[in-house]
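Enquirer: Sequence plus the predicted model coming up.
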Amino acid sequence: MRRATWMSVLLGAALAAPLAGATLEKLSLDEMVRKSTAIVRVRAEGSRTIQRGPLIYTLTRVSVIERWKGPEASSIEVAVPGGSLGALRQEFSGTPALERGAEYVLFLWTGKSGITYVIGLSQGVFELRRDADGKLVAYRPASAATMLDPSTGRPVQDQALTLALSELRRRVERVMGAGAR
């Protein structure tokens, strides 16, 4: 019985400890547009956590304000790896946090399982803010996660990206139009 207790403690500590940092492929805005199954402007409504195998996911329900790509939907549940479930907590480098009530433009991918994820983790999340003139801008901070250039395999630094919402929409439309030819 004593051995089983120590094994439980070790297993619990291993699962509760932050997992090693992820290495992400650096994606350009054009690549995210092409690889996404949906691109939507949304408002985060609330979240819950689930466990699938050894991993914990935070599922955030978002209300769709505007759809730029993908199937019609009034709301979507977006899965992000990591979160807290009971006494367990998992963290992954490069994962975004979607705050209730905030508006975003999300670049999403739905897998065969039907679960919808953000493309490139935090790379695919643009928070919407108002600039000094009151215009909506889409902002994505630089990720602290290790990123690799897909053509060289070498580490690269991510950079923050700020665009007027109207400019982001035009760039998405341009890439989708070019891909349709």
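Expert: Good, I have the coordinates.

Enquirer: which stretches of the chain form strands?
Expert: In the chain, the segments counted as strands under DSSP state E are 23-25, 38-52, 55-69, 75-81, 83-85, 88-90, 103-110, 116-118, 125-130, 136-140, 146-148, 155-156, 161-164.

Enquirer: Which one of these lies nearest to Pro96?
Expert: strand 125-130 (4.2 Å; Cβ to Cβ). C-beta here means a position set from N, CA and C on the backbone, and glycine is covered the same way.

Enquirer: What number of residues are in the vicinity of Arg34?
Expert: 15 (other Cβ atoms under 10 Å).

Enquirer: repeat for the one 10 residues further on
Expert: When counting by other Cβ under 10 Å, one arrives at 19 neighbours for Ala44.

Enquirer: show me the contacts for it.
Expert: The contact partners of Ala44, taken as Cβ atoms under 8 Å, 6 or more residues apart in numbering, are 60-62, 98-104.

Enquirer: let's see 6 Å
Expert: By Cβ atoms under 6 Å, 6 or more residues apart in numbering, Ala44 lies in contact with 60, 62, 98, 100, 102.

Enquirer: Find the nearest non-adjacent residue to it, please.
Expert: Leaving out its chain neighbours, the residue that sits closest to Ala44 by Cβ to Cβ, 6 or more residues apart in numbering is Leu98, at 4.4 Å.

Enquirer: Distance of that neighbour relative to Gly124?
Expert: Remark: distance between Leu98 and Gly124 (Cβ to Cβ, to the nearest Å) = 11 Å.

Enquirer: on that earlier part again, and the strands of the chain as a markdown table, adding distance to Gly177?
Expert: Output for those, formatted as a markdown table (distance: least, Cβ to Cβ, whole Å):
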| stretch | distance to Gly177 |
| --- | --- |
| strand 23-25 | 25 |
| strand 38-52 | 14 |
| strand 55-69 | 11 |
| strand 75-81 | 24 |
| strand 83-85 | 37 |
| strand 88-90 | 40 |
| strand 103-110 | 17 |
| strand 116-118 | 24 |
| strand 125-130 | 20 |
| strand 136-140 | 19 |
| strand 146-148 | 28 |
| strand 155-156 | 28 |
| strand 161-164 | 18 |
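
Enquirer: With mean pLDDT and distance to Val175 as extra columns, can I get the ones you listed in JSON lines?
Expert: Formatted as JSON lines, those follow (pLDDT from 0 to 100; distance: least, Cβ to Cβ, whole Å):
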{"stretch": "strand 23-25", "mean pLDDT": "80", "distance to Val175": "18"}
{"stretch": "strand 38-52", "mean pLDDT": "97", "distance to Val175": "10"}
{"stretch": "strand 55-69", "mean pLDDT": "97", "distance to Val175": "10"}
{"stretch": "strand 75-81", "mean pLDDT": "97", "distance to Val175": "21"}
{"stretch": "strand 83-85", "mean pLDDT": "95", "distance to Val175": "32"}
{"stretch": "strand 88-90", "mean pLDDT": "94", "distance to Val175": "34"}
{"stretch": "strand 103-110", "mean pLDDT": "98", "distance to Val175": "11"}
{"stretch": "strand 116-118", "mean pLDDT": "97", "distance to Val175": "18"}
{"stretch": "strand 125-130", "mean pLDDT": "97", "distance to Val175": "15"}
{"stretch": "strand 136-140", "mean pLDDT": "97", "distance to Val175": "15"}
{"stretch": "strand 146-148", "mean pLDDT": "90", "distance to Val175": "21"}
{"stretch": "strand 155-156", "mean pLDDT": "92", "distance to Val175": "21"}
{"stretch": "strand 161-164", "mean pLDDT": "96", "distance to Val175": "13"}
